[in-house]
Each structure stands twice: as structure tokens, then as C-alpha cells.
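J.: Next input, structure requested:
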Amino acid sequence: MLTAEEFYETNSVVDNICRLNPDLLVEPCQHILSYLRGHSKGVDSGEIYDMFQRAGVTLDHESLENVVRFLLLTFRSAGKSKVSADELVSRLEKGSNKWSKESLQVLHSLWNENGESVQVHQATRDLLSVGRIVDMQWKLSMAVSSDTCRSLNSPFVTILLKIAEPSGKINQKALEMTVPQFQNFHKQMKEMAAVMETV
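T.: Numbering: from 1, shown residues only. Next comes the predicted model:
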């Protein structure tokens, strides 16, 4: 159940969506659906903002961000829930009574055309998703006792990784390395970074 504030925010976003003529509403939706199908790396709200300005739509940047976020969450949720175009429109109508018939027709048509490929891509992404490093800290210490160091008072490096799992949970992993192992790790990271720049 939506709180009063969430209901007001939803209605405000829906009002802004319904201010767009159907042809203009298609554009941000196509950007979002392209991203959700894996055909682009993201949704460029700056490009959408410029397009709206050229079309004479006066939405401030925050309102546009809210529209893009709402449409992105709507389509992503529909993809994960594997809903049909009719179910999508039904859910939108339950969430707000401010929807125009034309806007709902645009969303219905776009989801009818793209929904299946979004669902397939979302399912694949969920299967292949891995954690993402959100923080990394390291420190150099001296070994007092260790299974890998031959002599005491040998330097070693401790790395603490914070990893955001696909579920949203953040886990911590600690690694201990000798200085030569750390140097090799550093070299491999540099090589990976160089390869990623060429992609």
C-alpha cells in the first residue's frame, strides 16, 4: 500500500508523463527498453532532456529524472514479474487515477512489442549476475604468525573488499597476501584495466 506521500509523488510523475504527446513519450521509453534489452549501456537522461526542450516541453531536470526513473522501474518490474501488456496497464491504473488513455496505449503497445525480449534479458542477467566491488581498503602489516610466511616479522598486505551482491546485500571479504603476491595481484589488475579500456 502506498503512503500518502508516495501516492502524491506517483500522481505528480504520471501527470508529467501524460503531458507528453504520444510520439514524444515513445522516445524515452525506447531508450529505457533498449537498455533493459541489453542494447545500450544506460539511459542518457541528458539526451532525453535536450529532446524534450527541442520539442517545447518544459520539464525541470528533477521532474524529468523522476519520469525516467518511474518508467525504468515500471518496465524492469514488469520484466521481472513477466507480466503481459494488459497486466502492465492494469497495474499502472491501480497505482494512479491520473493516467491518460493515450499514454497507457503507448505503454501497452511498447510493452507488447518489447516485453518478451526484456523478460529474457532480465532472466539472463539474473543468472549471470555477480557481486560488484563497492569499496576496497588495504594495509601493510608485519606477520607475527602465519602459515604462508617462512619467517616472522615478514611484511604482508591485508585487503578488505566490500561486495554488493545482486540481491543488494553488502558482504565483506578479507584477503591476506605476501608482498610478492600483492605485487602480482597489482600487475594483474593493471592488465585487466588496460584490457577493459579497449572494450
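
J.: Excluding chain neighbours, what is closest to the residue nearest to the spatial centre of the chain?
T.: In the chain, the C-alpha nearest the mean C-alpha coordinate belongs to residue 42, at 8.2 Å (CA atoms, centre = their mean). Excluding the flanking residues, the one nearest residue 42 by CB to CB, 6 or more residues apart in numbering is residue 35, at 6.0 Å. Glycine gets a C-beta too; all of them are placed from N, C-alpha and C.

J.: Could you identify the helix or strand that succeeds the helix or strand of the chain with the lowest mean pLDDT?
T.: Within the chain, confidence by mean pLDDT, DSSP states H and E is lowest for helix 4-18 among all helices and strands, at a mean of 75. Sequence-wise, the next helix or strand downstream of helix 4-18 (DSSP states H and E) is helix 22-36.

J.: helix or strand right after that next one?
T.: Under the assignment DSSP H and E, the closest C-terminal helix or strand after helix 22-36 is helix 45-54.

J.: For that following helix, buried residues please.
T.: By 16 or more other CB atoms under 10 Å, the buried positions in helix 45-54 come out as 45, 48, 49, 52.

J.: and the helix or strand following it, what does it pack onto?
T.: Counting by DSSP H and E, the next helix or strand C-terminal to helix 45-54 is helix 61-81. For helix 61-81, the packing partners by 3 or more CB pairs under 8 Å, 6 or more residues apart in numbering; DSSP states H and E come out as helix 4-18, helix 22-36, helix 45-54, helix 85-95, helix 101-128.

J.: Only C-alpha atoms, please: export the fourth one in PDB.
T.: The C-alpha coordinates for helix 85-95 follow below in PDB (Å, rounded to 0.1, in the frame of the first residue of the first chain):
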ATOM      1  CA  ALA A  85       0.900  -5.700 -21.700                       C
ATOM      2  CA  ASP A  86      -2.700  -5.800 -20.400                       C
ATOM      3  CA  GLU A  87      -1.400  -6.600 -16.900                       C
ATOM      4  CA  LEU A  88       1.100  -3.800 -17.000                       C
ATOM      5  CA  VAL A  89      -1.700  -1.300 -17.900                       C
ATOM      6  CA  SER A  90      -3.900  -2.700 -15.200                       C
ATOM      7  CA  ARG A  91      -1.200  -2.300 -12.600                       C
ATOM      8  CA  LEU A  92      -0.500   1.300 -13.700                       C
ATOM      9  CA  GLU A  93      -4.200   2.200 -13.500                       C
ATOM     10  CA  LYS A  94      -4.300   0.800  -9.900                       C
ATOM     11  CA  GLY A  95      -1.300   2.900  -9.000                       C
END
